[in-house]
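[1] Structure, please.
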Amino acid sequence: MTETRALFAKHSLRCTQQRMAVFESLLESKSHPTAEELFRLVKPKTEKLSLATVYNALEALCHAGLVQRLPMSNGCCRYDAETAMHLHVRFPETAEIEDVPEHLSRRIMEQLPEGLLREIGGALGVQIDGFCIQLLATRTTQRT
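    The predicted model follows:
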């Protein structure tokens, strides 16, 4: 809790009980929950929490760079408190998202040619600061 308060202060983010509960629950979650899922998770242990408060907290956390929004093809968003660049696998049938194991994620990211990223930036007149990669998958077998 003290770490969360310090992190919020560092990002000039007002520290409310509800905002802290949303953020800490998201930190503990590996499922990349939607706002509604997060609301159901946080509500039993947080007074005066509404779904609107969860959406407002997520918006503030995203704006501060502490959480990333993961838009889905069905129009809803999932949220991730891991903001370092990493890859996700998305399952369109269930709208679930999972993190690619870090060592494999790193291997893919290291293979992206820096020259090509600069060329894309030049063609668009922008500076590429990062990237977001989602792999689309269908579950076929158990994990290895």
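
[2] Packing partners of the helix or strand encompassing His103?
    Take DSSP states H and E as the rule and His103 turns out to sit in helix 102-111. Using 3 or more CB pairs under 8 Å, 6 or more residues apart in numbering; DSSP states H and E as the contact definition, helix 102-111 packs against no other helix or strand. Where you see a C-beta, it was placed from the backbone N, CA and C, and this is true even at glycine.

[3] in that helix, what's buried?
    Of all the residues in helix 102-111, those buried under the rule 16 or more other CB atoms under 10 Å are Ser105.

[4] As PDB, could you dump the C-alpha coordinates of that helix?
    These are the backbone C-alpha positions of helix 102-111, laid out as PDB (Å, rounded to 0.1, in the frame of the first residue of the first chain):
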ATOM      1  CA  GLU A 102       9.000 -13.200 -21.100                       C
ATOM      2  CA  HIS A 103      11.900 -15.000 -22.700                       C
ATOM      3  CA  LEU A 104       9.900 -15.800 -25.800                       C
ATOM      4  CA  SER A 105       8.400 -12.300 -25.900                       C
ATOM      5  CA  ARG A 106      11.900 -10.800 -25.700                       C
ATOM      6  CA  ARG A 107      13.200 -13.100 -28.600                       C
ATOM      7  CA  ILE A 108      10.500 -11.800 -30.900                       C
ATOM      8  CA  MET A 109      11.000  -8.200 -30.000                       C
ATOM      9  CA  GLU A 110      14.700  -8.500 -30.500                       C
ATOM     10  CA  GLN A 111      14.100  -9.800 -34.100                       C
END
